[in-house]
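>>> I'll drop the sequence and a predicted model, then ask my questions.
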Amino acid sequence: MSAGNMKRLAIIGSGDLGQQIAYHAGHDNHYTIAGFFDDFKKPGETAGAYTVLGGLPDVLEKYQEGMFDHLMIGIGYKHFEKRRECFDAFAGQIPFGRIIHSQSSVDPSCRIGEGAFVLPGCVLDQQVVIGENVLINVGSCIAHDSQIGRHTFLSPRVAIAGFTTVGECCNIGINTTIIDNIRVQDRVQTGGGTVVIRDLDQPGLYVGNPARFVR
Ligand SMILES: CC(=O)SCCNC(=O)CCNC(=O)[C@H](O)C(C)(C)COP(=O)(O)OP(=O)(O)OC[C@H]1O[C@@H](n2cnc3c(N)ncnc32)[C@H](O)[C@@H]1OP(=O)(O)O
């Protein structure tokens, strides 16, 4: 697609995650980048290669003025409540982007929610279901028939076996392994390298092999 035909993407949050989304959305030819919305920067200020269009109160108006076509949330795992709130505030009013990087392999039978972002090097096998506003970081692998709940963040190289369900607003740490037929409760966080071999029934932080509840 030539740049002239591409839809324009605006991103809420111009920090590290917003920059990562802008980079891949642009360089992998999904969108031209309209700019960021960020309450902590001034309109017109530069953030990386792009401009701040305004703060959160300006998003709807700028969309109605035709400044962008699709929206993504660049608020990361340190602010899950805000990540969820922002998505829910604009869902149904503004179309969200859905980006699957061209260097990922996603089976056509997968269902990927609005606002979801699959980064390079991921493999999603048959019938995987990815909820709205989920981010799947580089090199993650999700086997057949597994599901990831809304707003959840998978760090790089997470490995999830078949028939497993990860809840909403989870932060799954780098290189976490989850075996098959597991259920992970909403709002679970795992440390790097955690190995999950039993259901995680309680929200909170788990680490280690096998995973143990920390707090
Ligand atoms: C593109 C990107 O960069 S995406 C971001 C990717 N980043 C990650 O995945 C970060 C993963 N983070 C971690 O692993 C961190 O160590 C956390 C979040 C689990 C722990 O953070 P803290 O809140 O500082 O906890 P703290 O360091 O006090 O650890 C609590 C206990 O868990 C242990 N622990 C912490 N991390 C791990 C781990 N990854 N594996 C095993 N044990 C661990 C600690 O040794 C400590 O044990 P103790 O109570 O017996 O002494």
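Nice, I can see it. Residues are numbered from 1 along each chain as shown.
>>> just give the number of residues close to residue 17.
Other residues near residue 17 come to 22 when the count uses other CB atoms under 10 Å. In short, each C-beta sits where N, CA and C put it, glycine included.
>>> so what's residue 210 closest to, chain neighbours aside?
Closest residue to residue 210 apart from its sequence neighbours, by CB to CB, 6 or more residues apart in numbering: residue 197 at 4.9 Å.
>>> hmm, the one you found is touching residue 176, no?
No - Residue 197 is beyond contact range of residue 176, at 11.8 Å (criterion: CB atoms under 8 Å).
>>> got a list of what the residue of the chain found nearest the ligand touches?
Relative to the ligand, the nearest point of the chain is residue 191 (2.8 Å; CB to the nearest ligand atom). Residue 191 makes contacts with 173, 176, 205-208, 214, as judged by CB atoms under 8 Å, 6 or more residues apart in numbering.
>>> show the pLDDT at it.
You'll see residue 191 listed with a pLDDT of 98.
>>> what of residue 81?
For residue 81, the pLDDT comes out at 91.
>>> quick one, what contacts the residue nearest to residue 210?
Residue 197 neighbours (CB under 8 Å, 6+ apart): 179, 182, 210-211.
>>> among these, which are in helices?
Taking DSSP state H, every one of the contacts of residue 197 sits outside helices.
>>> which stretches of the protein form helices?
So, for the chain - with DSSP H - the helices run 16-27, 59-64, 80-90.
>>> care to break this structure down by domain?
The record's domain parsing of the chain by automatic domain parsing lists 3-90, 99-202.
>>> could you report the neighbour count for the nearest residue to residue 43 once chain neighbours are set aside?
Leaving out its chain neighbours, the residue that sits closest to residue 43 by CB to CB, 6+ apart is residue 54, at 4.8 Å. For residue 54, the tally of surrounding residues (other CB under 10 Å) stands at 20.
>>> so residue 54 versus residue 69, what's the distance?
Residue 54 sits at a distance of 16 Å from residue 69 (criterion: CB to CB, to the nearest Å).
>>> and what of residue 75?
20 Å.
>>> out of these two, which sits in the busier spot?
Each of residue 75 and residue 69 has its neighbours counted (other CB under 10 Å); residue 75 has more, 23 against 17.
>>> hmm, the more buried one is touching residue 86, no?
Yes - if you go by CB under 8 Å, residue 75 and residue 86 touch, sitting 6.2 Å apart.
>>> now do the buried residues in stretch 72-80.
Judged by neighbour count using 16 or more other CB atoms under 10 Å, the buried positions of stretch 72-80 are 72-77, 80.
>>> try stretch 10-28
Applying 16+ other CB under 10 Å to stretch 10-28 flags 10-15, 17-22, 24-26, 28 as buried.
>>> interface residues of the chain facing the ligand?
137, 155-156, 173-174, 191-193, 205, 207-208, 214 (CB under 6 Å from any ligand atom).
>>> quick one: which of those sit in strands?
Mapping the residues of the chain next to the ligand onto strands (DSSP state E) picks out 205, 207.
>>> is it possible to mark the buried ones in the residues of the chain next to the ligand?
The buried subset of the residues of the chain next to the ligand (16+ other CB under 10 Å) comprises 137, 155-156, 173-174, 191, 205, 207.
>>> list the beta-bridge partners for the residue nearest in space to the middle of the chain.
Central residue of the chain (CA atoms, centre = their mean): residue 135, 2.0 Å from the mean position. Judged by DSSP bridges, the bridge partners of residue 135 are residue 117, residue 153.
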